[in-house]
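>>> kindly return the folded structure for what I paste below:
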Amino acid sequence: MGASNMTTRKRHIKLFYILILILIAVAFFSTATLADDTGWVSASGVKPSNDPPDNSANAYQNFVDLDPALWYREGIDYVLEAGLFQGISATRFAPDQPMTRAMFVTVLHRMEGLPDGYGNSPFFDVGNGMWYTAAVIWANDKGIVKGYNDTAFGPNDYLTREQMVAILYRYAIYKGYNLSASEHDSIFSYVDYDSISDYAILPMQWAFRTTLIEGMNASTLNPKGLITRAQAATIIMRFYKNVVK
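Modelled structure (predicted):
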């Protein structure tokens, strides 16, 4: 009888440890989408939608570095609820951090539903298995983004205002959106309009016509200026509202 009780007790202890191991595994995989060593959260499991998000959840409240009273509240809340942006950690969004080329292409990839199956990267600085690899390969294949040349993409380079607008313009072409009203001469009223790169003139005109961007003030565009994550979020929100509709 004593031997039987001992066997039952050992079995219960074994089952207890198995249960503990299962709980640890569940906890690990539930946090697998937290920021990796790139400072950018994995897109695994994200299912973007073209439908306007329900902003009532106020997802930005999860981040200690977001001020709900500042100008970026609506844009950041929009992209968080749509699953297009995530924080650089579980508690930080980094609204003033510059957007990198890899980050922005990843956002477009999410907007498109995370398509894959486009082969290997043509760029030596976009290695296989990086968090942005599939996004860059897809966007390059569709003509949405280009490298600096045939072999260099610059995934960690910061995105400028004119670069972001040009990429969005090419994405709109890829999606078949109406671009017939692209020419808009308001950009020529800014004192620094001649600093716009040739490739970005038409996209900048389109962006002004669709009110995706505005001047930095009444007299300057700053096309070579960097885009912050908060600014990018606001522009993506405007893209959905003014272009996708």
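>>> show me what counts as buried in stretch 114-126.
Neighbour counts over stretch 114-126 (16 or more other CB atoms under 10 Å) mark 114, 121, 123, 125, 126 as buried. From N, CA and C alone the C-beta is placed, and that goes for glycine too.
>>> chain center to it, what's the gap?
Relative to the centre of its chain, stretch 114-126 is centred 17 Å away, using CA atoms, centre = their mean, to the nearest Å.
>>> same question, stretch 192-210
23 Å.
>>> what's the end-to-end length of it?
With CA to CA, to the nearest Å as the measure, stretch 192-210 spans 20 Å from end to end.
>>> tell me who's in contact with the residue nearest to residue 136 when sequence neighbours are not counted.
Nearest non-adjacent residue to residue 136, counting by CB to CB, 6 or more residues apart in numbering: residue 126, 4.9 Å away. Residue 126 sits next to 132, 133, 136, 137, 153, 155 when contact means CB atoms under 8 Å, 6 or more residues apart in numbering.
>>> go again with 7 Å.
133, 136, 153, 155 (CB atoms under 7 Å, 6 or more residues apart in numbering).
>>> give me the phi and psi for the residue lying closest to the last one once chain neighbours are set aside.
In this case it means residue 155. Closest residue to residue 155 apart from its sequence neighbours, by CB to CB, 6+ apart: residue 102 at 3.6 Å. The phi/psi pair for residue 102 (degrees, to the nearest 10) reads phi -70, psi -40.
>>> my read: residue 102 touches residue 134, true?
No: assessed by CB atoms under 7 Å, residue 102 is found out of contact with residue 134, at 11.2 Å.
>>> just the element for residue 203, please.
helix 201-209 (DSSP states H and E).
>>> what's the pLDDT at the residue most central in space within the chain?
Nearest to the geometric centre of the chain sits residue 107, at 2.8 Å (CA atoms, centre = their mean). As predicted, residue 107 sits at a pLDDT of 97.
>>> pretty sure it is in a helix, no?
Yes: according to DSSP: H, G, I helix; E, B strand; the rest coil, residue 107 belongs to a helix.
>>> hang on, the earlier thing: OK, contacts around the residue nearest to residue 155?
Residue 102 neighbours (CB under 7 Å, 6+ apart): 132, 136, 155, 156.
>>> show the pLDDT at the last one.
Right, the one you point to is residue 156. 96.
>>> now the first one
At residue 132, the model reports a pLDDT of 95.
>>> name the SS class of residue 115, please.
Classification of residue 115 by three-state DSSP places it in coil.
>>> contacts only, for the closest residue to it other than its chain neighbours.
Nearest residue to residue 115, sequence neighbours excluded (CB to CB, 6+ apart): residue 138, at 5.5 Å. By CB under 7 Å, 6+ apart, the contact list for residue 138 reads 109, 115, 118.
>>> please identify the buried residues of stretch 231-241?
Quick answer for stretch 231-241 (16+ other CB under 10 Å): 231, 232, 233, 234, 235, 236, 237, 238, 239, 240.
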